[in-house]
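**Student:** how would this look folded up:
(4 chains)
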Protein chains: 2
Amino acid sequence: MDILLIEDDPETARILREQLGEAGHAIVHAASAADGLARAGEGPFDIIILDRMLPDGTGLEVARRLRSKGCSWPILMLSALGRSEERVEGLDGGADDYLAKPYDRQELLARISALARRSAQQENGAIVTFGDIECHVRARTVFRRGVHVPLSPREYELLKFFIDHGGDVVTREMLLAAVWKLHFDPQTNVVDVSIGRLRRKLEAAHPEPVLETIWGTGYRLLACQPG
Amino acid sequence: MDILLIEDDPETARILREQLGEAGHAIVHAASAADGLARAGEGPFDIIILDRMLPDGTGLEVARRLRSKGCSWPILMLSALGRSEERVEGLDGGADDYLAKPYDRQELLARISALARRSAQQENGAIVTFGDIECHVRARTVFRRGVHVPLSPREYELLKFFIDHGGDVVTREMLLAAVWKLHFDPQTNVVDVSIGRLRRKLEAAHPEPVLETIWGTGYRLLACQPG
DNA sequence: ACCATGATGACAAATCTTGTCACCGTCCGT
DNA sequence: ACGGACGGTGACAAGATTTGTCATCATGGT
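**Tutor:** Now for the predicted structure:
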């Protein structure tokens, strides 16, 4: 796979280049934000790996600039610390996933292929499936067991986030950042209410529960049998 | 479902045969491009699974040959790596979906049923096409040249009526009766305004005019070339 | 049983859709 | 080329939907 790596620290860059190279990926390296934006034009890439801290601007800023230039390749953001605020912050600037820096090789490779697979699916048939749910990305429509589920824009965004993090537990903070673009707690239960509305619609199509509540933590999308 | 599997690697073929068999599908296996083309005649199949790399020709070539023989079964292409160039190439060649090879069982099965469902829908009229316009009846969504056209409910009803009367001249009275359920003249230009809004959206997807005005009579939907 | 946490119904605010109208441009017969 | 009829379009207002808030109820875990 073709990877654009935007990372200023030479040591980190060296290690990444080595690890990714071994796994059979081709790396294009940019050492600054400006360089990264320029080299993005050299594409196509399958994925962009972006350091959160760069000498001439933050990764967040670069992500936003890339998106506004119409670049839709998936972005994996790296940060020195795995603070959950940062993770949450990264999700709205256009980053698709977030990895804390003392990362392990396996996890890095796994995340890369997960992201690449996800975006490949979307470009393709534009149909992403999870369990018995089928999401037509371009039309922004959803089917459960072949039954159409009419969703409002918010509900769609919400469900899409769950599908993109298929099977993972998702916190309210993550949802607020990714769907509502809020980095602070609005002190209301918007998320809960929206989850409720989404649940009702999904269960109107098929009564089996799909959105599990993880008590004290968040929610998780369950993969129901399509049969 | 009946599946034609065209795959030269015996190990991959064995695993697929096993997984698909468990899921209740009937497999016909071909180990080369030539064999695949021959066995396609043994059909009917619900879906064709095709490896991108074969000893006697690429999957791309096979897909093209199958299509030119008039075979319209959906094709799922498999490839070793999920590289973006290959993906694009594959879809051009007539494949309907594309799956990178370290795939998981659930995903494979989900894609197969999605593809099969889609082609079934096309046959039973759940997807209606006219010229370069594609109308997904159950989801009430519309595409022009593959680009999604977001329509409001009224606009959708309006367009649907034109598609159902494909190519015919349609009068304002017909539209008022069918879309607005009015059997008298409301003495306003609702129809004209709605046509205008529909036109703008359809032409945002592709600039070629599709809704022709028949002066003194009504309107007509034109069949534009899908290319 | 108690407290913290999540679910839900009802209302309000914001957004999007639809219909109306006034005005402008275009077509066609003369 | 002119005039009148017909169609197109922008702006506004009424109506419908979506979204957010809050109060209240239900449920899980200790």
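
**Student:** when you work out contacts or count neighbours from here on, use the C-alpha atoms and nothing else.
**Tutor:** Will do.

**Student:** which is the next helix or strand following the worst-scoring helix or strand of chain A on mean pLDDT?
**Tutor:** Here the helix or strand of chain A ranked lowest by mean pLDDT, DSSP states H and E is helix A:84-90, holding a mean of 58. Secondary structure here is assigned by DSSP states H and E; on that basis, the next helix or strand after helix A:84-90 toward the C-terminus is strand A:97-100.

**Student:** need the contact list for the closest residue to A:F45 other than its chain neighbours.
**Tutor:** Beyond its immediate neighbours in the sequence, the residue positioned closest to A:F45 (C-alpha to C-alpha, 6 or more residues apart in numbering or on different chains) is A:D2, lying 4.9 Å away. Taking C-alpha atoms under 8 Å, 6 or more residues apart in numbering or on different chains as the contact definition, A:D2 lies against A:H25, A:A26, A:I27, A:V28, A:P44, A:F45, A:D46, A:I47, B:R83.

**Student:** what of A:F143?
**Tutor:** If you count contacts by C-alpha under 8 Å, 6+ apart, A:F143 has them with A:I133, A:E134, A:C135, A:V149.

**Student:** ok, the residues you listed vs DNA strand D, which is closest?
**Tutor:** A:V149 (11.2 Å; C-alpha to the nearest atom of the strand).

**Student:** what does the longest helix along chain A contact?
**Tutor:** What stands out as the longest helix in chain A, according to DSSP state H, is helix A:105-123. When contacts are taken as C-alpha under 8 Å, 6+ apart, the neighbours of helix A:105-123 outside the stretch itself are A:19-20, A:23, A:46-47, A:73-74, A:76, A:96-97, A:99, A:127-128, A:137, A:164, B:82, B:84, B:87, B:98-100.

**Student:** just the buried members of those residues?
**Tutor:** For those, burial is judged from neighbour counts taken by 16 or more other C-alpha atoms under 10 Å in any protein chain shown, and it is met by A:19-20, A:46-47, A:73-74, A:76, A:96-97, A:99, A:127-128, A:137, A:164, B:82, B:84, B:87, B:98-100.

**Student:** isn't A:G218 right next to A:R172, touching?
**Tutor:** Yes. The pair formed by A:G218 and A:R172 meets the contact definition of C-alpha atoms under 8 Å, at 5.9 Å.

**Student:** who's in contact with the residue nearest to A:D8 when sequence neighbours are not counted?
**Tutor:** When the adjacent residues along the chain are set aside, A:D8 lies closest to A:A31, with 4.4 Å between them (C-alpha to C-alpha, 6+ apart). If a contact means C-alpha under 8 Å, 6+ apart, then A:A31 has A:I6, A:E7, A:D8, A:D9 as its contacts.

**Student:** wasn't the third one part of a strand?
**Tutor:** Just to be clear, that refers to A:D8. No. Inclusion of A:D8 in a strand is not indicated when DSSP: H, G, I helix; E, B strand; the rest coil is applied; the result is coil.

**Student:** so what's the residue count around it?
**Tutor:** Summarising burial for A:D8: neighbours were counted as other C-alpha atoms under 10 Å in any protein chain shown, giving 19.

**Student:** just to check, A:L5 is in contact with A:R52?
**Tutor:** No. Using C-alpha under 8 Å, A:L5 makes no contact with A:R52, being 11.9 Å away.
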